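# Just to be clear, the model below is a prediction. Sequence and coordinates:
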Amino acid sequence: MKSDESDQPIEGEMRVSDWMSSKKEAKAPAVNPPPTPKESKPEAFSLAQTVNGNTDQTPPPPAPPGAKRAVLQAPMLEPLRRESAPISPRSFAFGKIPSPTVKPDPSDEVSSEEDLAEDQLPFDVFRYAGGILQRKFSIFFVGLLGLVGGFAYGYLSGDNYRASATLIFRDVPTSIQVAGSQRDYKPKELTVSTLTEILSSEPLLQRVGSKLHPPLTVKKLSKRLTMKPEGRGECLTLTFEGAPDGAAAVNGANTWAEEGLQFTKELQAQEAREARSYLDHEQLQNSINSGRTEIAQLRAQFSDQNPLVREKLEQLQRLEDQLRKKDEESKMPPPDLKPGELPDDPQHTIMGYYNIISPATIEAVRSTNKWVKGMLFGVGFSAAGIFLMLGFSLLSEIMDRRVRTVAELEQAIDHSNLQKIPRVSAKALASNEVSTIWTRILGGSSREVVCFWTPHYHEQSGLVMQALLNLASKQVMPLIWVDTGMFGVRAPADFQQVELPQLGYELGSGRYSMKLNLQALSAIEAEQIGKAFMEIATRQKMPIWIGIQGQIQEPACSLARHVNRVKILAVLEAVSKTFWENESELLKQSVGSHVEWLAVNYVPWYGW
């Protein structure tokens, strides 16, 4: 309760209680006598108190030059009741995404897989094509880098010489007699694919690489060797390439063929040795079994002292000793043989699995010029780089959860036929390029209160709002601009700065701007100011634009419920689908149906 002296109106002061009186007065209100000390006079709602956040009654700013006093016709507003605590102002920075205000109930929590599924964007082939076009310069640069690098690699490696040798596979005999035995054995039958694998086996390549000049490792040698079946698969062409000269290419191809033939001979020799050992063991075991049978028959007729029995026992002992020795020899590793060395083979059965029918010659050597080699490597490296970048572009678009197209935004907010606001550049604010924004956004009565709300700050939302104010100034449109803290938006120079109480005067046909600390208001205060703005727009006969920045929450919702239209500046390529779903649901629940969505920062997919 203030003192009696403070209740006396100051001359020239205007309160909302004065605005809402049913009489029109062109002069300042008469000074009423002070109330008696026993009277209890409630404090009237003052817009100056709401804006400044104080309760002391100070004279309002003077009216604009030439303005006349106006009394607004509207029901008396109830005294101010602060039922909600003030909300501290929020700060918005470039690129900073505010955390969503919608918090799910703990009982409705879902797994991360389900969250990812909800945030999954619809398949849009144009989005993926646009993502590739957006990175076209990177793809071109990587392709060019691969072309230059591949050409340099091929050119600097010099001319490429290659030589070939041809092999024919040999038919292996169905049976081979073991030396010193009347028994035959059947050798293993190897298929062409098995023999081909033998020619590219690591042990063989180690032997080939050690005999080259200079020696090559298995890894480097395997990159220079190629095999190509000829005819019906009976012949095989071995090619050695990458040699610095023709002689080295011939030596590499012939060495590979000869070492391969020798390697297969060693495999045959090992197989024959194992077969001979097996047959000798089997022959001795049969002899021992036969001797034991004869001894059993002799013991049935004679005693062990009989010369015949003793002779047979001695023969049996010699056979058992030989068998024991063979068993011990079979457990021992075979004698070490140097590469190319074979065991004695009187029957000449170790012939290998193929023959060399056409060795490499210097006359048949072919070469590739270093220029051609460089171009081939360049094209290959460039194609590989381009394909890698295309895959990276597609993967980036798949992993990107931002809403980038109008179709994705329409699906998120469950609206259709959204107005598209093209991307605005800072340099185009003063040109005719942004004139189309005016017809795309504005419309309706010239006395409307329109709220421009950007739930997530982005540079484009500020540029669009700045373009609208510049166009209003250019077209000399009467307007009142209410800035509640939109980052980066400034009123043009011809906008006259006013305070909220000055709106009670009859303003001339011009453009005016004012600041409103929306975050310092309660929900009730914001609602009353919204109603007052509607009355002011009607009485002053000019539209009021209100700029709001921040997520859908109080007290902005209370203010937006009492305007003619709410235009949501939804910036593409900024936030995820879930963010817009939450904001759309909050708007439906808190603001109402007079909401229009604008797709800001729109660029066709072929212009990304």
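All right, it came through fine.
# CA atoms for contacts and neighbours, from now on please.
OK.
# which ones are touching the residue nearest in space to the middle of the chain?
The centre of the chain sits closest to Ser396, judged by CA atoms, centre = their mean, with a distance of 3.0 Å. By CA atoms under 8 Å, 6 or more residues apart in numbering, Ser396 lies in contact with nothing.
# residues of the helix or strand hosting it that come out buried?
Under the criterion of DSSP states H and E, Ser396 resides in helix 370-399. Using 16 or more other CA atoms under 10 Å as the test for burial, helix 370-399 gives 370-371, 373-386, 389-390, 393-394, 397.
# for stretch 213-227, same thing?
Applying a neighbour-count criterion of 16+ other CA under 10 Å, one finds 216, 218, 221-222, 225, 227 buried in stretch 213-227.
# Let's have those in a markdown table, adding secondary structure, distance to Gly530 and pLDDT.
A markdown table is the format used below for these (DSSP: H, G, I helix; E, B strand; the rest coil; distance: CA to CA, whole Å; pLDDT from 0 to 100):
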| residue | secondary structure | distance to Gly530 | pLDDT |
| --- | --- | --- | --- |
| Leu216 | coil | 85 | 91 |
| Val218 | helix | 83 | 92 |
| Leu221 | helix | 83 | 91 |
| Ser222 | helix | 81 | 91 |
| Leu225 | strand | 84 | 92 |
| Met227 | strand | 85 | 91 |
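# and those, which two are the farthest apart?
Pairwise distances across the buried residues of stretch 213-227 (CA to CA) peak at 18.4 Å, for the pair Leu216 and Met227.
# one step back: quickly note the distance from the residue nearest to the centre of the chain to Gly146.
Ser396 sits 21 Å away from Gly146 when distances are taken as CA to CA, to the nearest Å.
# Quick one: mean pLDDT over stretch 549-562.
For stretch 549-562, the mean pLDDT works out to 90.
# Quick check: which ranges of this structure have low pLDDT?
Scanning the chain for pLDDT under 70 picks out 1-122, 172-187, 330-350, 430-434, 436, 439-440, 442-446, 593.
# and the lengthiest helix in it, what does it pack onto?
Across the chain, the longest stretch assigned as helix under DSSP state H is helix 246-299. For helix 246-299, the packing partners by 3 or more CA pairs under 8 Å, 6 or more residues apart in numbering; DSSP states H and E come out as strand 160-169, helix 202-210, strand 235-243, helix 307-331, strand 354-358.
# Same list, the ones you listed, but as TSV with distance to Phe495 and mean neighbour count please.
Supplementary listing: those in TSV, determined by distance: least, CA to CA, whole Å; neighbours: other CA atoms under 10 Å:
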stretch	distance to Phe495	mean neighbour count
strand 160-169	77	22
helix 202-210	85	18
strand 235-243	78	22
helix 307-331	106	14
strand 354-358	96	16
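# In TSV: those, plus distance to Pro492.
As requested, those are arranged in TSV below (distance: least, CA to CA, whole Å):
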stretch	distance to Pro492
strand 160-169	72
helix 202-210	80
strand 235-243	73
helix 307-331	102
strand 354-358	90
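# So which of those is nearest Ser287?
Across the helices and strands packed on helix 246-299, closest to Ser287 is helix 307-331 (CA to CA), at 7.4 Å.
# Outside of that closest one itself, list whatever touches it.
Identification of contacts with helix 307-331 by CA under 8 Å, 6+ apart yields 277, 281, 284-285, 287-288, 291-292, 294-295, 298-299, 302-304.
# From these, pick the one nearest Thr538.
Using CA to CA, Ser277 comes nearest to Thr538 of those, at 116.4 Å.
# packing partners for the one helix or strand Ile139 maps to?
Assigned by DSSP H and E, Ile139 belongs to helix 136-156. Judged by 3+ CA pairs under 8 Å, 6+ apart, helix 136-156 is in contact with helix 370-399.
# before we move on, back to that, tell me the helix or strand right after the helix holding Ser396.
Using DSSP H and E, the next helix or strand after helix 370-399 towards the C-terminus is helix 406-413.
# Partner strands of the following helix or strand past that next one and their direction?
The helix or strand immediately downstream of helix 406-413 is strand 419-422, counting by DSSP H and E. Strand 419-422 has its sheet partners listed here by DSSP bridges as strand 595-602 (parallel).
# what's the angle from the partner strand to helix 406-413?
Strand 595-602 runs at 150 degrees relative to helix 406-413, counting by axes from the mean of the first three to the mean of the last three CA atoms, to 10 degrees.
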